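1. return a 3D structure for these sequence lines:
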Amino acid sequence: MLASKLAFFCTPTVHARCRQHLAVVHTHRRFLTADRRASHSQATTSAGQYSSDLGSYPSGKDKSPLHTTAATQQASAATATGGRLILLDAFALLYRAHFGLKDVRLATSTGEDTSILFAFLRSLLGLLELEPPPTHFAVVFDAAGKTFRHEMYPGYKGQRPRTPEAITEAVKQLRDLIRVMGIPEIIVPGIEADDVIGTVASRALKEGLQVAIASPDKDFFQLLQPRLQLLRPPKKDYQGPLLGGMVPYNSQAFQEEWDLQPSQWVDVLALSGDSADNIPGVKGVGIKTAPTLVRAHGDIEGVLAAAPAEKKKGLREKLTNPEAANAARLSKKLVTIHTDIVLPPVRFPMNHLALQSPTDLTRAAVKAAFASLEFAQHERRLEAIWDNMARSQAELSGGAGAQGWHSAIKPASEFVTG
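-> The predicted structure follows:
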């Protein structure tokens, strides 16, 4: 339903290039010394360093402290009982934090600007405070550099300005913080965060987990299905139900809003284009017209086949333009989120993303890190989250099974989405 791999992934040239990419997966569960953290942040793992199917970490001194026998058994138990995974789209929320606080800046007593970090952590902690709490979690970052979409279409995201320096600096601090907190992160050079999220979410669903993707990005609409929902930052005037400070949005809500199936969203974007990513679409067809065409004809191929019979002359001319078909088909490839990436960081066992109760060393490290940023409120919230997490894990270990978030969501008709 969610689209097959592009032929791009099948070429020998690309496979060779992908193998050369250095894939970094940090799933630290305890505080490391400065030297050790620097070592881990630079750790690189090629495809050959993972076992062929499980993607286990290399053995020896570089093995992550997460992977103790007890931790692995506990994580496996959570997965087997139907855990709850949250995948957080890091840069989407970082940009929102940056531009949402343009007129309100926060700083420490020494003058260090902490606005972006504070806002991002506020969202992250809100997700960890969900009831019942998540059993698995990952913060997914985009790696620097171009991706396979740039090779398909050189103009992809070409209109975007350079990443604000404030966000670049915040990312460095944020990654240090989430490692100290024991929150897993995933970065795959050459692959966009959307595709990493799509692949991990697809695997999690197959393994019986419920999945929530925390992101304002509408591209994720195409992934909506039973047991997978979005958690979207609310607009200022939003008055509906919230989960973890976010607006829950599921396949029922999408169908009520758009009168389409989630899998048809790629066809809508293929026609309308997406200015945010410089997706061309069909010239002259906007976001109001595109859904109507897809409802009537099913997908872009149906729309193009019916174009000569379109009654509206202006629309008929736009759709029958010789460049329209190529633009629509290219755009569909560009907007399709891949759920079958085969690089090692997205093929590791799901228990690598399981949240664990902190050690005393972790608690001390977090206390020191938050104190330096003067985030006393965030520290108190995280301590309460850890206590709640321990209770939840005890319930899972006792065979109580994993409750769902979906029961907490009110009818989709009450949703207000942007």
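
2. quick one: the strands in the chain?
-> 24-26, 84-89, 136-141, 185-187, 210-214, 228-232, 247-249 (DSSP state E).

3. what's the longest helix in the protein?
-> helix 376-397 (DSSP state H).

4. put the alpha carbons of it into PDB.
-> Provided in PDB are the C-alpha atoms of helix 376-397 (Å, rounded to 0.1, in the frame of the first residue of the first chain):
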ATOM      1  CA  ALA A 376      15.200  22.700  36.700                       C
ATOM      2  CA  GLN A 377      11.600  22.100  35.600                       C
ATOM      3  CA  HIS A 378      12.600  19.700  32.800                       C
ATOM      4  CA  GLU A 379      14.800  17.800  35.300                       C
ATOM      5  CA  ARG A 380      11.800  17.300  37.700                       C
ATOM      6  CA  ARG A 381       9.600  16.200  34.800                       C
ATOM      7  CA  LEU A 382      12.200  13.600  33.600                       C
ATOM      8  CA  GLU A 383      12.500  12.200  37.100                       C
ATOM      9  CA  ALA A 384       8.800  11.700  37.300                       C
ATOM     10  CA  ILE A 385       8.800  10.100  33.800                       C
ATOM     11  CA  TRP A 386      11.500   7.600  34.900                       C
ATOM     12  CA  ASP A 387       9.500   6.600  37.900                       C
ATOM     13  CA  ASN A 388       6.400   6.100  35.800                       C
ATOM     14  CA  MET A 389       8.400   4.100  33.200                       C
ATOM     15  CA  ALA A 390       9.600   1.800  35.900                       C
ATOM     16  CA  ARG A 391       6.100   1.000  37.000                       C
ATOM     17  CA  SER A 392       5.000   0.500  33.400                       C
ATOM     18  CA  GLN A 393       7.900  -1.900  32.700                       C
ATOM     19  CA  ALA A 394       7.000  -3.800  35.800                       C
ATOM     20  CA  GLU A 395       3.400  -4.300  34.500                       C
ATOM     21  CA  LEU A 396       4.700  -5.500  31.200                       C
ATOM     22  CA  SER A 397       7.100  -7.900  32.800                       C
END
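
5. need the strands of the chain in JSON lines (columns: mean neighbour count and distance to Tyr156).
-> All C-beta atoms are positioned from the backbone trio N, CA, C, and that covers glycine. Output for these, formatted as JSON lines (neighbours: other C-beta atoms under 10 Å; distance: least, C-beta to C-beta, whole Å):
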{"stretch": "strand 24-26", "mean neighbour count": "20", "distance to Tyr156": "23"}
{"stretch": "strand 84-89", "mean neighbour count": "26", "distance to Tyr156": "18"}
{"stretch": "strand 136-141", "mean neighbour count": "24", "distance to Tyr156": "19"}
{"stretch": "strand 185-187", "mean neighbour count": "23", "distance to Tyr156": "19"}
{"stretch": "strand 210-214", "mean neighbour count": "26", "distance to Tyr156": "22"}
{"stretch": "strand 228-232", "mean neighbour count": "24", "distance to Tyr156": "23"}
{"stretch": "strand 247-249", "mean neighbour count": "23", "distance to Tyr156": "26"}
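
6. for Leu330, which of those is the nearest?
-> Between Leu330 and the strands of the chain, the shortest gap by C-beta to C-beta is with strand 84-89, which sits at 24.1 Å.

7. now the closest one: mean pLDDT?
-> The pLDDT scores in strand 84-89 average 97.

8. so what strands line up beside it?
-> strand 136-141 (parallel), strand 210-214 (parallel) (DSSP bridges).

9. what's the closest of those to Arg96?
-> Using C-beta to C-beta, the nearest of the strands paired with strand 84-89 to Arg96 is strand 210-214, at 10.9 Å.

10. so for the closest one, mean pLDDT?
-> On average, strand 210-214 scores 98.

11. CA atoms of it as PDB?
-> C-alpha atoms of strand 210-214 as PDB (Å, rounded to 0.1, in the frame of the first residue of the first chain):
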ATOM      1  CA  GLN A 210       1.600   0.600  18.100                       C
ATOM      2  CA  VAL A 211       3.400   3.500  16.500                       C
ATOM      3  CA  ALA A 212       3.000   7.300  16.800                       C
ATOM      4  CA  ILE A 213       5.000   9.600  14.600                       C
ATOM      5  CA  ALA A 214       5.600  13.000  16.200                       C
END
